[in-house]
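[1] here's my sequence, what's the structure:
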Amino acid sequence: MAETHSDNREPNTLESLVDRTLRSVNDADAEAAMQRVADIRVQRRLRDDALVEHLIKQKALQTGTVGAATSAAALIPGFGSLASFTLGVVTDVGVTLRLQSELVLEIAAAREHTLTPAEARNALMIVTGLNMGTERLVNQASRKMAERVAERFAGRAFVKAIPFVGIAVSAASNILMTYVIGKRADAYFRLGPDAVGDWSESFRAVTGVDERKLVGWLGDVMADVGRAVSGGAQRVGAATGDAVRRAGDAVAARFGRRPRLGDGE
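    A predicted model of the protein is given here:
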């Protein structure tokens, strides 16, 4: 998701990765998603549309952080170690897919749907399906978002210190994809499979309405990356927010270890 794919890629590479991710979703994941949603209902007193919006934003920030750190680790010498120390993420597109799969299950729980494993996998495949035409639209919109955020941060030292736009494009791609997946999942569980429609149409509808909000989320992610570059591991570790911590938790669950966050956790 954080990566762009050329038209001459292996035709089933992305599909195979998605399929492998979806096959790993089981009853325990659905139960964990239901528990997270129940906790948020109690702690934040959110229900219905407000609850779904919170879930989507949370996962969009997490996947945006993964995309930014993945790109930065490839573009900035030495950033890989700093990212793993301060942001708690690794360069694995599977983490993004996993987080997006969790989002679909969380929205099912928010809309009070109890899914069998077969139903969950069917919903995930319908909601997360992606084609190359849509991928190109995502890449174009991501660059526009990145340029808008670069303008907002113009003059900041970290904008000059890193390949800002390149990193922001990767983060924006993940944010866009996660947001559209969340909206498609909500339509699926509120209105049924027929309401999901074509992925390209879903993407155009979202980017035509919600770009300002998504640019704001991207700005939050890039501010975290900027602090990681300019502030050092200890300062950023203390400053990282809930979205970054949840991304680290997802990685820990996937790889059986807890990434360090630089603040003693």
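
[2] give me every residue that touches the closest residue to A146 other than its chain neighbours.
    With C-beta to C-beta, 6 or more residues apart in numbering as the criterion, A146 has its nearest non-adjacent residue at 3.5 Å, and that residue is A168. No exception for glycine: its C-beta is placed from N, CA and C like everyone else's. By C-beta atoms under 8 Å, 6 or more residues apart in numbering, A168 lies in contact with A68, M145, A146, V149, A150, L218, M222.

[3] can you show me the CA trace of the strand or helix carrying the third one as CSV?
    To tie it back to what came earlier, the one meant is A146. Using DSSP states H and E, A146 sits in helix 132-152. Taking C-alpha atoms only, helix 132-152 is exported to CSV below (Å, rounded to 0.1, in the frame of the first residue of the first chain):
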residue,chain,number,x,y,z
MET,A,132,-4.8,-1.1,-11.3
GLY,A,133,-7.0,1.8,-12.5
THR,A,134,-7.9,2.7,-9.0
GLU,A,135,-4.3,2.4,-7.9
ARG,A,136,-3.3,5.1,-10.4
LEU,A,137,-6.0,7.4,-9.0
VAL,A,138,-4.7,6.8,-5.5
ASN,A,139,-1.2,7.7,-6.6
GLN,A,140,-2.3,10.9,-8.3
ALA,A,141,-4.4,12.0,-5.3
SER,A,142,-1.7,11.1,-2.9
ARG,A,143,0.8,13.4,-4.6
LYS,A,144,-1.7,16.3,-4.5
MET,A,145,-2.2,15.7,-0.8
ALA,A,146,1.5,15.5,-0.2
GLU,A,147,2.1,18.8,-2.0
ARG,A,148,-0.6,20.5,0.0
VAL,A,149,1.0,19.3,3.3
ALA,A,150,4.4,20.4,2.1
GLU,A,151,3.0,23.9,1.6
ARG,A,152,1.6,23.9,5.1
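
[4] what does it contact?
    Outside helix 132-152, the residues touching it (C-beta under 8 Å, 6+ apart) are 4-5, 7, 159, 164-165, 168-173, 175-177, 199-200, 203-204, 207, 211, 214-215, 218-219, 222.

[5] quick one: contacts for I56?
    Here I56 is in contact with L103, I107, T178, Y179, G182, K183, D186 (C-beta under 8 Å, 6+ apart).

[6] a markdown table for the residues you listed, including neighbour count?
    As requested, the contacts of I56 are exported to a markdown table (neighbours: other C-beta atoms under 10 Å):
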| residue | neighbour count |
| --- | --- |
| L103 | 28 |
| I107 | 29 |
| T178 | 28 |
| Y179 | 24 |
| G182 | 25 |
| K183 | 22 |
| D186 | 24 |
